[in-house]
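**Student:** quick one: sequence and predicted model below, then my questions.
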Amino acid sequence: MTTYDAPVVSIINDHFAPILTGEECMATEKLWDMMFRLASPYSATGLASYAISAVDLALWDLKGKILNQPVYELLGGPARDKIFCYATGNDTEWHMEWDSKPRNWPALTGLATD
């Protein structure tokens, strides 16, 4: 969780959920548009964009689970054989230590290795 989790959760639960409940979960683009429009009175940027992103990611994950497909396949398939992994933040020492070690990443279909 972050410093902004309480207001983001409030936007999701109190503002988006009553309108989105009962909508077709597979209509991810339509639901994103609905959230963007719902947030427009107070701007769809800032905390509202965090809330929109959280729900959008959850909807894409749900869509993938329903269709038994990884989300990257739903978005058009792999674009590259490898991707660069990075971390951001202010803890430079931790990032330097983290970056110097090989990693095995948990994945739904087994282990993804960097």
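**Tutor:** Ah, there it is. Computed from a predicted structure; not experimentally measured.
**Student:** domain assignment for this protein?
**Tutor:** Listed domain ranges for the chain are 5-72, 79-113 (source: automatic domain parsing).
**Student:** out of those, which one sits most buried?
**Tutor:** domain 5-72 (a mean of 14; mean count of other Cβ atoms under 10 Å). C-betas here are computed from N, CA, C, even on glycine.
**Student:** helices of this protein, start to end?
**Tutor:** The residue ranges that make up the helices of the chain, judged by DSSP state H, are 5-10, 17-20, 28-39, 47-67, 71-74, 92-99.
**Student:** what sits up against the third one?
**Tutor:** Under the contact criterion Cβ atoms under 8 Å, 6 or more residues apart in numbering, helix 28-39 has outside partners 11, 15-16, 19-20, 23-25, 44, 48-49, 51-52, 55-56, 59-60, 63.
**Student:** quick one: average pLDDT of that helix?
**Tutor:** Throughout helix 28-39, pLDDT has a mean value of 95.
**Student:** run the angle between that helix and helix 47-67 for me.
**Tutor:** Comparing the axes of helix 28-39 and helix 47-67 via axes from the mean of the first three to the mean of the last three Cα atoms, to 10 degrees yields an angle of 160 degrees.
**Student:** then helix 28-39 to CSV, C-alphas only?
**Tutor:** What follows is the C-alpha trace of helix 28-39 in CSV, where atoms were taken according to Å, rounded to 0.1, in the frame of the first residue of the first chain:
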residue,chain,number,x,y,z
THR,A,28,-12.5,-3.2,-20.5
GLU,A,29,-12.3,-0.2,-22.9
LYS,A,30,-15.9,0.8,-22.2
LEU,A,31,-15.3,0.5,-18.4
TRP,A,32,-12.1,2.6,-18.6
ASP,A,33,-14.1,5.3,-20.5
MET,A,34,-16.8,5.2,-17.9
MET,A,35,-14.3,5.6,-15.1
PHE,A,36,-12.6,8.5,-16.9
ARG,A,37,-15.9,10.2,-17.4
LEU,A,38,-17.0,9.6,-13.8
ALA,A,39,-13.8,11.2,-12.6
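**Student:** I appreciate the help and will end here.
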